[in-house]
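Novice: Sharing a sequence plus its predicted fold:
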Amino acid sequence: SPPPSERTAVDPNALEGLRAFGGDALLQQLVVLFRDQVAIRTAAINAGVVAGDTEAVRQAAHALKASAGQVGAVGMQALCGELEREAANKDIAPLRSLAAELAAITPAVDAWLT
């Protein structure tokens, strides 16, 4: 696994691009929506891991990967891509540590958005 610094990597240009496109109001709305998506999708990933439901994990990781990319959370986006790929392999074992890693990096990504 890459070190946490890679997992929390961000692209500030993404936020600036969103601000340039829609102004501060749109940017603020997208950040609020992203935070909501992180909570919803992380809960779905964790529930899927506990239930052994790799398809639920795959779907939630795919959706969160797209949201993370939109706001420039490139480390989270990459981690979600890894979760999605591992879930597609139907092996629950690596999903446990990847879900834990997602939980561990979320505060740093959230702090960056603030």
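Specialist: Received it, and whenever you're ready, just let me know what you need.
Novice: Average pLDDT for the helix or strand where I105 lies, rounded please.
Specialist: If you go by DSSP states H and E, I105 is part of helix 93-113. Across helix 93-113, pLDDT averages out at 93.
Novice: contacts for that helix?
Specialist: The set of residues external to helix 93-113 that reach it, using CB atoms under 8 Å, 6 or more residues apart in numbering, is 1, 4, 7-8, 10, 15, 31, 34-35, 38, 42, 45-46, 48-49, 54, 57, 68, 71, 73, 75-76, 79-80, 82-83, 86-87. (Each C-beta comes from the backbone N, C-alpha and C, glycine too.)
Novice: Return the alpha-carbon coordinates of that helix using PDB.
Specialist: Extracted C-alpha coordinates of helix 93-113, given in PDB (Å, rounded to 0.1, in the frame of the first residue of the first chain):
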ATOM      1  CA  ALA A  93      -9.900 -10.200   2.800                       C
ATOM      2  CA  PRO A  94      -8.200  -7.200   1.200                       C
ATOM      3  CA  LEU A  95     -11.300  -5.100   1.500                       C
ATOM      4  CA  ARG A  96     -11.100  -4.900   5.300                       C
ATOM      5  CA  SER A  97      -7.700  -3.200   5.300                       C
ATOM      6  CA  LEU A  98      -8.600  -0.900   2.400                       C
ATOM      7  CA  ALA A  99     -11.900   0.200   4.100                       C
ATOM      8  CA  ALA A 100      -9.900   0.900   7.300                       C
ATOM      9  CA  GLU A 101      -7.400   2.900   5.300                       C
ATOM     10  CA  LEU A 102     -10.300   4.900   3.800                       C
ATOM     11  CA  ALA A 103     -11.600   5.700   7.300                       C
ATOM     12  CA  ALA A 104      -8.100   6.700   8.300                       C
ATOM     13  CA  ILE A 105      -7.600   9.200   5.500                       C
ATOM     14  CA  THR A 106     -11.000  10.700   5.500                       C
ATOM     15  CA  PRO A 107     -10.300  13.300   8.200                       C
ATOM     16  CA  ALA A 108      -7.200  14.600   6.300                       C
ATOM     17  CA  VAL A 109      -9.200  15.000   3.100                       C
ATOM     18  CA  ASP A 110     -12.000  16.700   5.000                       C
ATOM     19  CA  ALA A 111      -9.500  19.100   6.600                       C
ATOM     20  CA  TRP A 112      -8.100  20.000   3.200                       C
ATOM     21  CA  LEU A 113     -11.600  20.800   1.900                       C
END
